[in-house]
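**Q** model this:
(3 chains)
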Amino acid sequence: MPELPEVETTRRGLLPLVKGHRIQTVMAHETRMRWPFEPRWIPSLQGQTILDIRRRAKYLLMPLTQGELLIHLGMSGSLRCVQPDSPRRKHDHLEFRLDNGLVMRFHDPRRFGCVLWQAPGEDPPALLDRLGPEPLSEAFCGQHLFQLSRGRKQAVKAFIMDQTTVVGVGNIYASESLFLAGIHPARAAGRISRKRYDLLAEHIRQTLRRAIESGGSTLRDFLGGNGEPGYFQQTLLVYGREGQTCTRCGNTLVSRTIGQRASVYCAACQH
DNA sequence: CCCGATTCCTGTAGGC
DNA sequence: TGCCTACAGGAATCGG
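**A** Numbers count the residues shown, from 1 in each chain, chains lettered A, B, ... in the order given. Predicted coordinates for the structure are as follows:
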């Protein structure tokens, strides 16, 4: 599933293929998504140049000559540039033909993602309003987590997966980071020390950085590549390893639902 | 405000 | 082999 590292990898892979290129035609085969793609945007989009690709949280932002495209990959979405003769796959919902001959395709089987156009002068979608700091920025640190969590009874895992706390931490990275920091995922966020939050923040950063590095190696080929996730899975320590042994102490990893999400952890190593 | 529960959707895995 | 169900997950929104 596209988490922050995969979104960032997508951004880096696509940038040299689309930057400075004009959108010649747009085709919408399926518009029902988390928020619908409006076909009336098509005439406005055609003829515009993609000036850049930026990322905020798990959103890709593409400033155009006029306005901006805002794309979220949800949990099954992907965005690729392919040769125009490559067959359209099931769930390739949107196609953008570029003036360099490539076609940028938005693919999303579960349709939890979205592609929105913000017209010039229009208020940006409220989707970006309440986002917390980027985990790889200076603004994100143990101090931030500590301050924000005081008095909160919410499980720390749900707390760090909340996008208003910090963006980009999904179930995988929350699970891995908590294991590395030795913190039990169900512990009340407000009852964790500053020192432990310093450690947790560092592990969140490190886990995301490493995943971005791994993602870069398997999602490299945006022209013909497979674009499928799986790159980081060999290195996972707890996520998806319920019933297997803890790499640190050898005990059996357990799974419990915390904040409506399956949470795997080591009861011996995490307190 | 806080927080748990619900909702959207389809591919995949597991049970029988 | 095939059918059926449960589950996965990002994040907005609802309800207590």
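
**Q** how long is stretch A:46-59 end to end?
**A** 22 Å (CA to CA, to the nearest Å).

**Q** Could you list the residues in contact with that stretch?
**A** Contacts with stretch A:46-59, where a contact means CB atoms under 8 Å, 6 or more residues apart in numbering, come from A:2-4, A:7-8, A:11, A:14-15, A:18-26, A:60-66, A:69-73, A:98, A:127-128, A:131, A:134, A:163, A:167-168. Backbone N, C-alpha and C define where each C-beta goes, glycine included.

**Q** And DNA strand B, is that stretch touching that?
**A** No: applying CB under 7 Å from any atom of the strand, one finds stretch A:46-59 separated from DNA strand B by no less than 14.9 Å.

**Q** Out of the contacts of stretch A:46-59, which end up buried?
**A** Among the contacts of stretch A:46-59, the ones that count as buried by 16 or more other CB atoms under 10 Å are A:2-4, A:7-8, A:11, A:14, A:18, A:21-23, A:26, A:60-64, A:69-73, A:98, A:127, A:131, A:134, A:167-168.

**Q** any weak-confidence spans in the stretch 101-250 of chain A?
**A** Scanning the stretch 101-250 of chain A for pLDDT under 70 picks out A:124, A:216-234.

**Q** try 80
**A** A:122-125, A:215-234 (pLDDT under 80).

**Q** Can you pull the residues of it lying near DNA strand C?
**A** A:110, A:112, A:127, A:130, A:161, A:163, A:167, A:170-172, A:239.

**Q** picking that back up, which ones among the buried ones among the contacts of stretch A:46-59 map onto strands?
**A** A:23, A:26, A:60-63, A:69-72, A:98 (DSSP state E).

**Q** In those residues, find the pair that's most separated.
**A** Farthest apart among those by CB to CB are A:His72 and A:Leu98. That separation is 21.1 Å.

**Q** ok, A:Ile172 - how many residues close by?
**A** Applying other CB atoms under 10 Å, we find 20 residues neighbouring A:Ile172.

**Q** which phi and psi does it have?
**A** phi -60, psi -50 (degrees, to the nearest 10).

**Q** distance of whichever residue of the stretch 51-200 of chain A sits closest to DNA strand C from DNA strand B?
**A** Here the residue of the stretch 51-200 of chain A nearest DNA strand C is A:Gly170; by CB to the nearest atom of the strand that distance is 2.8 Å. For A:Gly170, the distance to DNA strand B equals 14 Å [CB to the nearest atom of the strand, to the nearest Å].
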